[in-house]
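Undergrad: Sequence plus predicted model, see below.
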Amino acid sequence: MLNLPVMKKYTLLLIALLAFIFISGCDKIDPPYVNTPGDNGGGEEELVQKVLLEDYTGHTCVNCPAAAKLAGDLKQLYGEKLIIMAVHAGYFAEVESPPFDLDLRTQTGNSWNADFGVISYPSGMINRGFFGDRRVVGKGDWAPRVATAVGIDPKAGIEIETTYNESDRKLEIKIDSRFLENTNENYFLQVCLLEDSIPGAQRNNDASVGDTPTITDYFHRHVLRKGVNGNYGEAVTAGAIVANENYTHEYSLNLNADYKAKHCSVIAFLYRTSDNEILQVEERHILE
Amino acid sequence: MRKVFSIVFLLSFFYSYSQDFIEKAQVNGSFQLDGQYYHADNAIGINDSTIDGRKLGLNGFGNISYTLGKFSAGVRYEAFLTPIAGFDPLQQGNGVPYMWASYQSDFIGVTVGNFYEQFGNGLILRTYEEWTLGYDNSLNGMKLVIRPATGITVKAVYGSQRYYWQKFENGNRGIVRGLDAEIDLNSTIKGWESAPIRVIFGASGVSKYQKDSDPLFNLPENVSAFAGRMNLSAGKFNFATEYANKINDPSAINNFIYKEGQAVLSSLSFSQPGLGVVLQLKRVDNMSFKSDRGVDGNALDINFLPPINRTHSYSLAARYPYATQPNGEMGMQFQLNYKIPKGSKLGGKYGTGVAVNFSQVNDIVRNPINDTTPVNSQGTLGYESDFFKVSDHIFFRDLNIEINKKFSRKWKAVVQYMNLYYDIATIEGHAGEEPVKANIGLVDVTYNISNRNSLRLELQGLFTEQDDGDWAAAMLEYTIAPTWFFTIADQYNYGHPDKSQQNHYYAFSLGYVKQASRIALTYGRQSEGVICIGGVCRQVPASSGLTISLSTSF
């Protein structure tokens, strides 16, 4: 019945083979879908590679609470190995009528937002690295990149000491940086002040995270408050970096009256100026 | 002597071959350059820091293809230096992102390099390029098309998709593999060639592979999707339908849920001279399918979910276009085109065209998978959804009526009314904002001064209490056919709730067309908005300055 003048057995065989090759891949996943957190607390070894996740966000960004939750899940998984910094910048961070009248933008965050070309929110950078691809990525790429970055052998270490005087709200910061290898490359030290759990309103479209379309009692986590030593920090040293040499930098500032000291922390990171990639990062709460 | 003979033989062979290579070949090409020069315009919120030094945006491409008998090859060069405002900064770059070579015979077709392909309606695979959106999800790999018998076509593809200028390496995105088969029963079965009913069946399968390196989730590395389709036509009627299913595909788009996805698209149409009726139905549930599960922008889509809404061309009617919601939507569209006959009372001397279009898209119903898990929680099955239930949540509704009338050899006009409901919170992500309910009316009148000279006037009004409020627009175009056109236009946002933003968006344009070349210059302002093509959208920021567009083909 079929008009198949040129159809031969080998054609059918080829088609069957192609069907097998192309369509054979099909992974049906059974529960549990979520991996159980392991012992990733870190801190036991002398030098631990830590990773900075920068979450570019804003209070009217509906998809941002889900991204913040994802960052929190990763923090739970990696413990102190993962440091989160939420940078409020861009269109969704602009001040609007109440309850979105809280301004969490900073000069430093605005500068990074523009210079790293962040145009959609939430977006993130993991150690400001490209991972062979692109630097600024959506939340879907955060977890695998954090996993990769955490697995890298450390090449430098940072120690932070803070002294906070509650009476005059003066904060003294001392950063010791140490590299494990000699290098002629330029490295900068960036120091930032963060405040955690700032109450405010947040747009949201994920019912599993909170009320939609607005979470009125939201806590903004790990918020960048200030670039302590400017938007791009300062050189670790004027000359070449020598292995195991201790490079000390000290800073002093007065904590803004609106900031809650018990929620404030200092983070410091070392980055290569040629590509902005972060080599090491550390965080310390100012009341520790 | 033998050596000399061999050299002469080879030279004569290459000479004759190269003669064929040049004389029997066909070379085609097309070029386009779109440029924008920006300047600060504080009245519409553009200042020097907005421009940030990037005063000039230039997007350009050149396509060249070479055909010699059954062989063809081509390249496309692109340069986005810097990209025009509104295009993704990742577009910035220049080079040849698209090159291909192909052999096509009656039995087999093979393409290597970059290519575009579509299976059925595209529900599980469609790669395409849309210059206006800056969208290109072409595959880089191989495509094989076999026609083993009359009426039977089998296609196989594999490759990685284009992601701006980033090279595919080290598994930085997924690999796509697909197979499609289509049989036209009337061509294949003897005796059915002239049957009154024409039947076409098709089936396809697509699989993507992406390594799981996620520490949080246990992700499927191979995700498959399958689709089946049918097209029946009998006389003036045509019925087409396609159903697609995708296995668990947790991604940034669906909030990493493990629910299966499905989509169905059906269309019933009737057509005869002077009358056309189309009814379309669509259901989409968790059908975003990308070759990188982490990407959440307009990139790396393996499939395409066709919109079933009218695409408007007039500026205010197109101000609130619908963007397909891949996580779930149920839609319908009804379109009636009727030509009131010539000589009748309403038809007049030339007849009158009437087009009525209605479309509505609602959300699907999502129920929790159990009492303790909120809907769409990541790392779960997400939700349960009854296939036939429609949510009360309306995303989009458009009722429009258009009358097209030629009054005389000199005068013709188009009149259109549109009633719109646009859930701006869902479609544009402006959570908490009230849906836009708008009435839009427009008149487009053309007066042919002579055979070569004509004037066209557009008057539009958009009336709404939501978003930016009321708009009025006017445009006057003078055409000297077939080469010159001049336009002066203004959009006035006179109803903006913030009086300081009740701006005029004026523009002056001129264009010159000669054969296949076109040059257009526009000076003025462009209002902020969204443009959508095929349900895929990009934000267009407000801008002010000079725009040039140049295109040619050969």
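TA: Thanks, I have the structure now.
Undergrad: so where do the helices sit in the stretch 451-554 of chain B?
TA: For the stretch 451-554 of chain B, no helices are identified by DSSP state H, counting those that start in this stretch.
Undergrad: Looking at it, which residue is nearest chain A?
TA: Going by Cβ to the nearest Cβ, chain A is nearest to residue B:539 of the stretch 451-554 of chain B, at 9.3 Å. Where you see a C-beta, it was placed from the backbone N, CA and C, and this is true even at glycine.
Undergrad: Now do stretch B:414-431, average pLDDT.
TA: Stretch B:414-431 shows a mean pLDDT of 93 in the predicted model.
Undergrad: What's the end-to-end length of it?
TA: The first residue of stretch B:414-431 is 36 Å away from its last residue (Cα to Cα, to the nearest Å).
Undergrad: which bits of the stretch 51-200 of chain A sit near chain B?
TA: For the stretch 51-200 of chain A, the residues in contact with chain B (Cβ under 8 Å from any Cβ of the partner chain) are A:60, A:62-63, A:66, A:70, A:73-74, A:77-78, A:114, A:117, A:119-120, A:131-134, A:137-144, A:146-148.
Undergrad: Buried ones from those, can you make that a ChimeraX selection?
TA: What follows is the ChimeraX syntax for the buried subset of these, where burial is set by 16 or more other Cβ atoms under 10 Å in any protein chain shown:
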select /A:60,62,63,66,70,73,74,77,78,119,120,131,133,134,137,138,139,140,141,142,143,144,146,147,148
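Undergrad: related to what we said a few turns ago, quick one: the residue of the stretch 451-554 of chain B closest to chain A and residue B:430 touch, right?
TA: No - Residue B:539 lies out of contact with residue B:430 (Cβ atoms under 8 Å); the separation is 11.6 Å.
Undergrad: where does the chain dip in pLDDT?
TA: Using chain A. Counting by pLDDT under 70, chain A shows low-confidence ranges at A:1-15, A:17-25, A:37-45.
Undergrad: meant chain B actually
TA: In chain B, residues with pLDDT under 70: B:1-21, B:49-50, B:52.
Undergrad: Quick check: the residue of it nearest chain A.
TA: For chain B, Cβ to the nearest Cβ, closest residue to chain A: residue B:252, 2.7 Å.
Undergrad: Tell me, how many residues neighbour that residue?
TA: Other residues near residue B:252 come to 25 when the count uses other Cβ atoms under 10 Å in any protein chain shown.
Undergrad: State the helix or strand in which it lies.
TA: Here residue B:252 is covered by no helix or strand, with elements defined by DSSP states H and E.
Undergrad: go on, the one 10 residues further on?
TA: In this structure, residue B:262 is located in strand B:261-272 according to DSSP H and E.
Undergrad: Can I get that strand as PDB, trimmed to CA atoms?
TA: Extracted as PDB, the C-alpha positions of strand B:261-272 are listed here (Å, rounded to 0.1, in the frame of the first residue of the first chain):
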ATOM      1  CA  GLY B 261       5.500  20.000  31.800                       C
ATOM      2  CA  GLN B 262       2.900  19.900  29.100                       C
ATOM      3  CA  ALA B 263       1.500  22.100  26.400                       C
ATOM      4  CA  VAL B 264      -1.300  21.800  23.900                       C
ATOM      5  CA  LEU B 265      -2.200  24.000  20.900                       C
ATOM      6  CA  SER B 266      -5.200  23.600  18.700                       C
ATOM      7  CA  SER B 267      -6.600  25.500  15.900                       C
ATOM      8  CA  LEU B 268      -9.800  25.200  13.800                       C
ATOM      9  CA  SER B 269     -10.200  27.500  10.800                       C
ATOM     10  CA  PHE B 270     -12.700  28.100   8.000                       C
ATOM     11  CA  SER B 271     -11.800  30.000   4.900                       C
ATOM     12  CA  GLN B 272     -13.600  31.000   1.700                       C
END
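Undergrad: quick one: is that strand near chain A?
TA: No - Strand B:261-272 lies out of reach of chain A by Cβ under 8 Å from any Cβ, never closer than 13.3 Å.
Undergrad: got the contact list for that strand?
TA: Applying Cβ atoms under 8 Å, 6 or more residues apart in numbering or on different chains, the contact partners of strand B:261-272 are B:121, B:123, B:225, B:236-246, B:249, B:276-289, B:305-306, B:308, B:387.
Undergrad: For it, buried residues please.
TA: Result for strand B:261-272 [16+ other Cβ under 10 Å]: buried residues B:261, B:262, B:263, B:264, B:265, B:266, B:267, B:269.
Undergrad: Listing partners with orientation, what would you give for it?
TA: Sheet pairing of strand B:261-272 (DSSP bridges) gives strand B:237-246 (antiparallel), strand B:275-285 (antiparallel).
Undergrad: Off-centre distance for that strand?
TA: 18 Å (Cα atoms, centre = their mean, to the nearest Å).
Undergrad: Equivalent analysis for stretch B:114-127, please.
TA: With Cα atoms, centre = their mean, you get 13 Å for stretch B:114-127.
Undergrad: Chain B - how does it break down into domains?
TA: As given by automatic domain parsing, the domain ranges for chain B are B:1-87, B:105-306, B:314-544.
Undergrad: Now do the longest one: distance from first to last residue.
TA: From its first residue to its last, domain B:314-544 covers 21 Å (Cα to Cα).
Undergrad: ditto for stretch B:445-463
TA: 21 Å.
Undergrad: residues of that stretch that come out buried?
TA: B:446, B:448, B:454, B:456, B:458, B:460, B:461, B:462.
Undergrad: Helix, strand or coil: sort out residue A:68 for me.
TA: helix (DSSP: H, G, I helix; E, B strand; the rest coil).
Undergrad: burial count for it?
TA: Neighbour tally, residue A:68, other Cβ under 10 Å: 24.
Undergrad: for residue B:228, what are its contacts?
TA: Counted by Cβ under 8 Å, 6+ apart, residue B:228 has contacts B:201, B:202, B:203, B:242, B:243.
Undergrad: Excluding covalently adjacent residues, which one is nearest to the fourth one?
TA: If the residues on either side of it in the chain are set aside, residue B:242 comes closest to residue B:229, at 3.8 Å by Cβ to Cβ, 6 or more residues apart in numbering or on different chains.
Undergrad: cool, the second one as well?
TA: Once flanking residues are discounted, residue B:202 sits nearest to residue B:182: 4.0 Å by Cβ to Cβ, 6+ apart.
Undergrad: Check the secondary structure at the most centrally placed residue in chain A for me.
TA: Centroid-nearest residue in chain A: residue A:53, 1.1 Å away (criterion: Cα atoms, centre = their mean). Three-state assignment for residue A:53 (three-state DSSP): strand.
Undergrad: I'd assumed residue A:73 was in contact with it.
TA: No - counting by Cβ under 8 Å, residue A:53 does not reach residue A:73; the two are 11.4 Å apart.
Undergrad: so where do the strands sit in the stretch 151-300 of chain B?
TA: Secondary structure of the stretch 151-300 of chain B (DSSP state E, counting those that start in this stretch): strands at B:152-161, B:175-184, B:197-209, B:222-234, B:237-246, B:261-272, B:275-285.
Undergrad: For my notes, please list those in JSON lines and give distance to residue B:46 for each entry.
TA: Listed next are these as JSON lines, based on distance: least, Cβ to Cβ, whole Å:
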{"stretch": "strand B:152-161", "distance to residue B:46": "34"}
{"stretch": "strand B:175-184", "distance to residue B:46": "40"}
{"stretch": "strand B:197-209", "distance to residue B:46": "41"}
{"stretch": "strand B:222-234", "distance to residue B:46": "43"}
{"stretch": "strand B:237-246", "distance to residue B:46": "43"}
{"stretch": "strand B:261-272", "distance to residue B:46": "40"}
{"stretch": "strand B:275-285", "distance to residue B:46": "37"}
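Undergrad: Contacts only, for residue B:141.
TA: B:112, B:115, B:157, B:158, B:159, B:160, B:176.
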